[in-house]
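J.: Following is a predicted model, sequence given first.
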Amino acid sequence: MKRPVATEQFELGVCYYPEHWPEAMWADDYRRMVETGFTVVRMGEFAWSVFEPEEGKFQFGLFDRAVDLAHSYGLKVIMGTPTATPPAWLTEQYPEVLNVTYEGVTLQHGMRRHYNYSSPKYRELCAAIVTKLAEHYGNHPGIAGWQIDNELNCEVNEFYSESDHLAFREWLQHKYETLDKLNEAWGTVFWNQTFTRWSQVHLTRPTPSPKQPNPHQALDEKRFISYNTISFAKIQADILRELAPGQWVTTNGLFGHLDSHELNEELLDFFSYDSYPQFSSIYFDPAEENPLRDRGWSLSLSAVRSISSNFCIMEQQSGPGGWVNRMDMPSPKPGQMRLWTYQSIAHGADMLLYFRWRTATMGNEIYWHGLNDYHNQPNRRVKEAAQIGKELAQIGKSIIGSVTQASIAILRDYDNEWDGEYDNWYGPFMWQSNKEWFKALQHKHIPSDVLYMRSSTTLEELSRYEVLVYTHPAIMSDETAALLDQYVQQGGKLVFGCRTGYKDTRGQCYMRPFPGAAQEMTGITVEEFTMVKGTRQPTSISWSHDADILTGADAFNDILHVEADTVEVMGSYASDYYAGKPAVTRNKRGQGEVWYYGAVFNEQAVLQMLPALGLDSPAADWLELPPQVELQIRAGADKSAGSLTFLLNYSEEPAELLLKQPRTDLLSGQTLSGAVTLQGFGVLVLQ
């Protein structure tokens with residue numbers, strides 16, 4: 001049975017590295033943590049050489065003192081297994097544990113995550129250190145739980161050592177059983193790639209055209225990496241379950257080529273995530289209209305929530321960030337750290353730790369700032385954290401265990417994410433369209449979930465939502481299509497975008513009219529299609545409810561042909577040789593409806609669709625908000641206990657709200673009604 005993230009109080013804390021600081025500083029650090037309102041600290045995840053300075057020689061003195069002292073101050077400790085950074089003695093003695101790049105270059109000791117998951121020797125040594133740690137700390141009253149490794153698949157999520165090639169071959173033999181089945185799945189008859197012996201089969205390798213492998217092989221490679229990562233983590237989880245049965249197990253993630261849902265279901269009590277909202281601000285497209293920037297991080301938090309409805313933020317951004325050779329993130333302005341904290345909480349966090357207590361004075365992360373600066377003197381970030389600590393000590397019990405509420409979900413799946421990394425005919429569209437849907441929903445104050453379609457997904461899970469949006473699922477099995485059709489027939493509304501349903505789970509194209517597996521439920525076929533780039537000028541969509549409204553038909557155009565008399569044309573192309581042809585359709589099916597949008601979504605197009613889909617803010621009857629404020633709702637299983645409405649102002653400028661009914665703000669204890677000013681970067685939690 002899985003343990004909850006928190007039961008008695010909201011757990012607020014910080015990451016701490018006692019091995020980095022003189023022992024004389026620890027007591028003062030712990031004292032100030034408690035004064036700040038912290039209840040939990042994480043440590044140990046990068047300390048293998050402290051625990052095991054030589055192979056087979058273990059020592060625990062430093063961390064015994066650190067854990068005991070933390071416990072004496074009433075702090076709970078999360079202990080990390082130190083397998084993300086194998087020590088120098090290990091990589092020197094067993095170089096086969098090192099990772100190898102696609103080009104065949106061995107990655108050497110000197111940073112982190114320089115190992116591969118497949119090495120039998122590395123698995124053996126990891127099992128040994130985790131066993132010793134679990135035996136030593138498994139009954140320690142100061143240890144609340146364990147973090148496995150650190151950020152699995154971060155920095156590196158491809159593995160090409162000799163051990164990986166061998167493990168991939170073994171995985172394929174189990175999956176396909178015979179070479180004939182493998183050759184069929186990979187379409188190896190094309191370009192004479194047919195295998196006649198298993199020894200000929202490898203992970204993808206350099207080809208005459210760089211990074212252009214067999215696409216079906218590339219998809220299976222990513223599935224294998226996920227399987228292999230989980231099997232590596234399972235070694236540690238099994239040890240911890242046996243030797244530390246009273247302590248919970250988690251890991252921090254959401255990185256590439258990893259089925260985090262399977263990882264969580266099979267191994268963890270709950271999922272953990274590292275939240276750095278300014279990454280959204282750094283990597284946004286400068287040409288994007290009306291970008292969400294740090295508010296866009298809420299979409300990532302929604303994906304985390306799909307894995308674990310209540311989760312831990314193992315690292316919350318608390319200062320400017322960057323490595324020695326990277327300048328990534330500016331300093332949060334006053335109020336932003338608090339805003340981002342409540343952003344995480346609004347989306348389901350019941351435990352949150354800031355990274356880190358004090359900024360490192362040595363190493364690659366001397367500019368990845370924590371709460372305290374090098375000088376260890378009071379600063380505004382520590383003061384802001386203390387304000388948050390005081391607030392959560394008062395209201396935390398009202399939050400923990402409650403879950404977010406949404407009437408619409410954006411559907412995703414791992415096969416399309418992984419296949420779409422290589423297939424540019426739809427892969428980039430998925431991320432663009434999901435972002436544009438999320439942006440439109442955010443600006444209209446309509447909370448949304450992310451839901452991953454998996455082989456275990458049930459009709460009951462889908463039926464929680466009035467609307468499902470599956471933007472560009474090129475890979476779609478007949479079984480998935482049938483499940484989605486059931487959802488529609490009983491009254492659900494389903495929205496597809498271009499490039500839907502034309503591939504099977506091998507990544508091979510159906511010999512059927514597009515949209516393939518989705519053709520029957522959409523009631524249309526794709527007459528023809530075109531990329532919109534280069535010499536092809538962009539066109540627009542004219543909407544049937546108002547012909548004067550034109551929105552861009554971005555990036556790719558499916559020209560649609562109506563096949564069923566239940567189909568209504570909702571929009572048509574406004575120019576080019578397919579002017580007047582259907583671009584957007586709605587098919588009434590059973591008690592529900594299926595939309596097909598023949599392009600890549602943009603915010604303006606989504607805004608045209610929302611009223612017809614019957615979507616509005618759940619607070620529309622009692623609250624008016626400006627676009628810069630996010631609305632998110634958490635409620636307990638017992639809805640009669642009421643709900644919490646989080647209002648987050650991502651603007652530096654004040655926002656004017658109108659409460660048509662009185663509500664109590666839990667943070668201030670004030671009852672608010674009528675015109676209310678929410679300060680820049682301000683937060684309200686209304687009950």
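T.: Arrived safely.

J.: measure P582 to T566 for me?
T.: Per Cβ to Cβ, to the nearest Å, P582 is found 14 Å from T566. C-beta here means a position set from N, CA and C on the backbone, and glycine is covered the same way.

J.: Among these two, which residue is more densely surrounded?
T.: Counting neighbours by other Cβ atoms under 10 Å for P582 and for T566 shows that P582 has the greater number, 24 against 14.

J.: I524 is in contact with that one, correct?
T.: Yes. Here P582 reaches I524: they are 7.3 Å apart, a contact under Cβ atoms under 8 Å.

J.: domain assignment for this structure?
T.: The domain map for the chain lists 11-156+247-284+292-399, 408-609, 623-686, with the assignment taken from automatic domain parsing.

J.: To E184, which of those lies closest?
T.: Among these, domain 408-609 comes nearest to E184, with 8.3 Å by Cβ to Cβ.

J.: Report the mean confidence score over the closest one.
T.: Regarding domain 408-609, the rounded mean pLDDT is 97.

J.: From start to finish, how long is it in a straight line?
T.: Chord length of domain 408-609, first to last residue, is 13 Å (Cα to Cα, to the nearest Å).

J.: Show me how far that domain is from its chain's centre.
T.: 22 Å (Cα atoms, centre = their mean, to the nearest Å).

J.: Sheet partners, orientation included, of the helix or strand where A547 lies?
T.: The secondary structure element spanning A547 is strand 546-553 (assigned by DSSP states H and E). Partner strands and pairing direction for strand 546-553 (DSSP bridges) are strand 539-543 (antiparallel).

J.: looking at the protein, which helix or strand is least sure?
T.: Among the helical and strand segments of the chain, the one scoring lowest on mean pLDDT, DSSP states H and E is helix 278-282, with a mean of 78.

J.: Name the surrounding residues that touch the next helix or strand along the chain from it.
T.: Remark: after helix 278-282, the chain's next helix or strand is helix 297-307, criterion DSSP H and E. Surrounding helix 297-307, the residues in contact under the criterion Cβ atoms under 8 Å, 6 or more residues apart in numbering are 254, 260-261, 264, 271, 273, 275-277, 279-280, 292, 311, 340, 343-344, 346-349, 404, 410, 412, 434-435, 438, 442, 448-452, 630, 632.

J.: let's see it at 6 Å
T.: Applying Cβ atoms under 6 Å, 6 or more residues apart in numbering, the external contacts of helix 297-307 come out as 254, 260-261, 264, 271, 273, 277, 280, 311, 347-348, 438, 449-452.

J.: ok, now stretch 346-361?
T.: Stretch 346-361 is contacted by residues 5-6, 11-16, 42, 301, 305, 309-316, 318, 344, 366, 369-374, 400, 404, 632, 646 when judged by Cβ under 6 Å, 6+ apart.

J.: Keep only those of these that are in helices.
T.: Under the assignment DSSP state H, those contribute L301, R305, S344 to helices.

J.: what's around the first one, how many residues?
T.: Okay, so that is L301. Around L301 there are 24 residues (other Cβ under 10 Å).

J.: Show me how far stretch 347-359 is from its chain's centre.
T.: In this view, stretch 347-359 has its centroid 16 Å away from the chain centroid, taken as Cα atoms, centre = their mean.

J.: Phi, psi for D423 please.
T.: phi -90, psi 100 (degrees, to the nearest 10).

J.: Quick check: closest non-adjacent residue to it.
T.: Spatially, and ignoring its direct neighbours in sequence, D423 is nearest to P215 (6.5 Å; Cβ to Cβ, 6 or more residues apart in numbering).

J.: measure the one you found to K57 for me?
T.: According to Cβ to Cβ, P215 and K57 sit 48 Å apart.

J.: what about those two, which has more around it?
T.: Between P215 and K57, P215 has the larger neighbour count (other Cβ under 10 Å), namely 18 against 8.

J.: Now do the more buried one against M362, distance only.
T.: Relative to M362, P215 is positioned 45 Å away (criterion: Cβ to Cβ).

J.: now swap in G523 and tell me
T.: According to Cβ to Cβ, G523 stands 64 Å off from M362.

J.: ditto for V606
T.: With the distance defined as Cβ to Cβ, V606 ends up 48 Å from M362.

J.: Between these two, which has more neighbouring residues?
T.: The residue with more neighbours, out of V606 and M362, is V606; 24 against 7, by other Cβ under 10 Å.

J.: helix, strand or coil for that one?
T.: When the structure is split into helix, strand and coil by DSSP: H, G, I helix; E, B strand; the rest coil, V606 lands in helix.

J.: which non-adjacent residue is nearest it?
T.: The shortest distance from V606 to any residue other than its chain neighbours is 3.8 Å, reached at A440 (Cβ to Cβ, 6+ apart).

J.: in terms of contact, does that neighbour touch Q608 like I think?
T.: No. Shown here, A440 and Q608 do not form a contact pair, counting by Cβ atoms under 6 Å, at 9.6 Å.

J.: and the two? which has more neighbours close in?
T.: Just comparing A440 and Q608: by other Cβ under 10 Å the higher neighbour count belongs to A440, 23 against 19.

J.: got a list of contacts for the host helix or strand of the more buried one?
T.: Using DSSP H and E, A440 sits within helix 427-443. If you take Cβ under 6 Å, 6+ apart as the criterion, helix 427-443 is touched by 292, 299, 410, 420-421, 448, 469, 471-472, 497, 600-603, 606-607, 627.

J.: So which of these belong to helices?
T.: Reading helices off those with DSSP H, I get L299, G420, E421, E603, V606, L607.

J.: mind listing the strands for the stretch 401-550 of the chain?
T.: Along the stretch 401-550 of the chain, counting by DSSP state E, counting those that start in this stretch, strands occupy 403-404, 408-412, 448-452, 467-470, 493-496, 524-531, 539-543, 546-553.

J.: Compare the ones you listed and report which one is nearest to L672.
T.: Distances from L672 to each of the strands of the stretch 401-550 of the chain were compared using Cβ to Cβ; the shortest belongs to strand 403-404, at 22.3 Å.

J.: For that closest one, which strands pair with it and how are they oriented?
T.: strand 629-635 (antiparallel).

J.: got the buried residues for the strand it pairs with?
T.: By neighbour count, and taking 16 or more other Cβ atoms under 10 Å as the criterion, the buried residues in strand 629-635 are V629, E630, L631, Q632, I633, R634, A635.

J.: and for it, what are the contacting residues?
T.: Counting contacts by Cβ under 6 Å, 6+ apart, the residues outside strand 629-635 that touch it are 346, 402, 404-405, 445, 447, 643-649, 655.

J.: If you count residues, where's the longest strand of this protein?
T.: Longest strand in the chain, counting residues (DSSP state E): strand 655-664.

J.: Sort out which residues of it are buried, please.
T.: Of the residues in strand 655-664, those buried under the neighbour-count criterion (16+ other Cβ under 10 Å) are A655, L657, L659, R663.

J.: pretty sure the third one contacts A675?
T.: No. Using Cβ under 6 Å, L659 and A675 do not qualify as a contacting pair, with a distance of 8.2 Å.

J.: ok so, going back, in PyMOL, select just the buried ones from the contacts of stretch 346-361.
T.: Remark: buried members of those, expressed as a PyMOL selection using 16+ other Cβ under 10 Å:
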select buried, resi 5+6+11+12+13+14+15+16+42+301+305+309+310+311+312+313+314+315+316+318+344+369+370+371+372+400+404+632+646
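
J.: before we move on, the earlier item: which outside residues touch the following helix or strand past the longest strand of the chain?
T.: From strand 655-664 onward toward the C-terminus, using DSSP H and E, the following helix or strand is strand 671-678. The set of residues external to strand 671-678 that reach it, using Cβ under 6 Å, 6+ apart, is N649, P654, A655, L657, L658, L659, P662, R663, T664, D665.

J.: Please name the strands paired to strand 671-678 in the sheet, noting orientation.
T.: For strand 671-678, the paired strands and their directions (DSSP bridges) are strand 655-664 (antiparallel).
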